[in-house]
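# what follows is a predicted structure for the sequence shown.
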Amino acid sequence: MPLLKSLDVPPFWLAVFLFLAWRLSFLAPGLGFPGPIPDLLAGFLVGGGLLLMVLAVQQMRRHKTTVHPHGESAALVQSGVFKRSRNPIYLGDMLLLAGLILWWDAVLALPLVPLFLWVIERRFVLPEEDRLRRKFRKQYAAYCNKVRRWI
């Protein structure tokens with residue numbers, strides 16, 4: 001059971017969804033996104049997603065709090081990218097997934113993006129929000145009123 005618990009982290013779920021998207025790219029090779037625009041957009045999405053994740057991790061490290069989704073937060077981070085999104089790392093994951101789907105011309109994999117969002121929200125976001133709500137009470141309520149969950 002400890003192995004399963006250690007696998008229940010967002011990078012594992014992202015890897016599963018990326019693998020599925022990559023495999024789906026082979027099912028309909030002629031059904032793709034024509035022209036250079038999708039590749040350009042894919043680059044922006046992948047690069048933006050990675051940048052968002054790096055900036056969020058830097059903010060969390062600066063505030064000396066955990067990046068582990070099952071860990072106990074030492075601080076409520078509200079600066080940097082957290083001024084715009086309460087979940088910038090998960091948002092970065094979604095941008096990365098969407099970008100690679102475009103890059104791989106995996107049209108059939110597009111429904112994986114909202115499915116990934118649903119899994120991440122249920123497995124990680126809602127439990128994290130519950131822990132933050134209990135620990136930081138008024139401060140977290142004010143933060144939720146100022147900053148949206150995603151964008």
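Cool, got the structure. Numbering: from 1, shown residues only.

# going forward, measure contacts and count neighbours with C-alpha atoms only.
Will do.

# with only the CA atoms kept, save stretch 11-22 in PDB.
Output in PDB follows, covering the C-alpha atoms of stretch 11-22 (Å, rounded to 0.1, in the frame of the first residue of the first chain):
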ATOM      1  CA  PRO A  11       3.300  14.100 -11.600                       C
ATOM      2  CA  PHE A  12       2.200  10.500 -11.700                       C
ATOM      3  CA  TRP A  13      -1.300  11.400 -13.000                       C
ATOM      4  CA  LEU A  14       0.300  13.800 -15.500                       C
ATOM      5  CA  ALA A  15       2.500  11.000 -16.800                       C
ATOM      6  CA  VAL A  16      -0.500   8.700 -17.100                       C
ATOM      7  CA  PHE A  17      -2.400  11.300 -19.100                       C
ATOM      8  CA  LEU A  18       0.600  12.200 -21.200                       C
ATOM      9  CA  PHE A  19       1.100   8.500 -22.000                       C
ATOM     10  CA  LEU A  20      -2.600   8.200 -23.000                       C
ATOM     11  CA  ALA A  21      -2.400  11.300 -25.200                       C
ATOM     12  CA  TRP A  22       0.700  10.100 -26.900                       C
END
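
# hmm, who's touching it?
Stretch 11-22 is contacted by residues Asp93, Leu97, Leu100, Ile101, Trp104, Ala106, Leu108, Ala109, Leu112, Phe116, Ile120 when judged by Cα atoms under 8 Å, 6 or more residues apart in numbering.

# again, 6 Å this time
Ala109 (Cα atoms under 6 Å, 6 or more residues apart in numbering).

# in stretch 13-23, which residues are buried?
By 16 or more other Cα atoms under 10 Å, the buried positions in stretch 13-23 come out as Trp13, Leu14, Phe17, Leu18, Ala21, Trp22.

# no further questions, thank you.
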